[in-house]
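*Asks:* Build the 3D model from these lines:
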Amino acid sequence: MKPPTPAPSARLEVHVKPRSSREGIGRGAGGALEVRVAAAPAHGEANEAVLRLLSRALGLRRTQLIIERGQAGRRKLIRVAGVSPEELERLLAAAAIK
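*Replies:* Residues are numbered from 1 along each chain as shown. As a prediction, the model looks like this:
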């Protein structure tokens, strides 16, 4: 009996700008993904706001996005469960995040 095949997942590196006057997603210097949220970086509010904003923009469930690294910093590594790296690129392009 074969072990189950793991579900695909992709990783997304983002730079977060908390306490922004406007929320949004775009490309920053060097092509890095930049996420601007109004929430303050206290008690995990900015982290949750980042995940909600990304899930809406990409058309994914919030539970598919998990912060793997950077819980307390501005640079984060987010795992996108159930989506291949190629599919993630298509979702980013469809959301006009270039």
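*Asks:* so what's S84 closest to, chain neighbours aside?
*Replies:* Sequence neighbours aside, P8 is the residue nearest to S84 in space, at 4.3 Å (criterion: C-beta to C-beta, 6 or more residues apart in numbering). Where C-beta positions appear, they are placed from N, C-alpha and C, glycine not excepted.
*Asks:* So I78 sits against A10, correct?
*Replies:* No. Checked against C-beta atoms under 8 Å, the pair I78 and A10 is beyond contact range at 9.2 Å.
*Asks:* For E13, give me its contacts.
*Replies:* Applying C-beta atoms under 8 Å, 6 or more residues apart in numbering, one finds that E13 lies in contact with 32-33, 75-78.
*Asks:* Confidence-wise, which of those comes last?
*Replies:* pLDDT across these is lowest for A32, at 80.
*Asks:* Report the contact partners of that residue.
*Replies:* 13-15.
*Asks:* Among those residues, which lie within strands?
*Replies:* 13-15 (DSSP state E).
*Asks:* and the closest residue to V83 other than its chain neighbours, how many residues sit next to it?
*Replies:* Distance criterion C-beta to C-beta, 6+ apart; nearest residue to V83, sequence neighbours excluded, is A10 at 5.2 Å. Residue neighbour count, defined by other C-beta atoms under 10 Å, stands at 17 for A10.
*Asks:* so which helix or strand takes in A10?
*Replies:* Using DSSP states H and E, A10 sits in strand 9-17.
*Asks:* And for the helix or strand just after that strand, what's in contact with it?
*Replies:* Going down the chain from strand 9-17, the next helix or strand is strand 24-27, by DSSP H and E. Under the criterion C-beta under 8 Å, 6+ apart, residues 33-36, 53-54, 57, 95, 97-98 lie in contact with strand 24-27.
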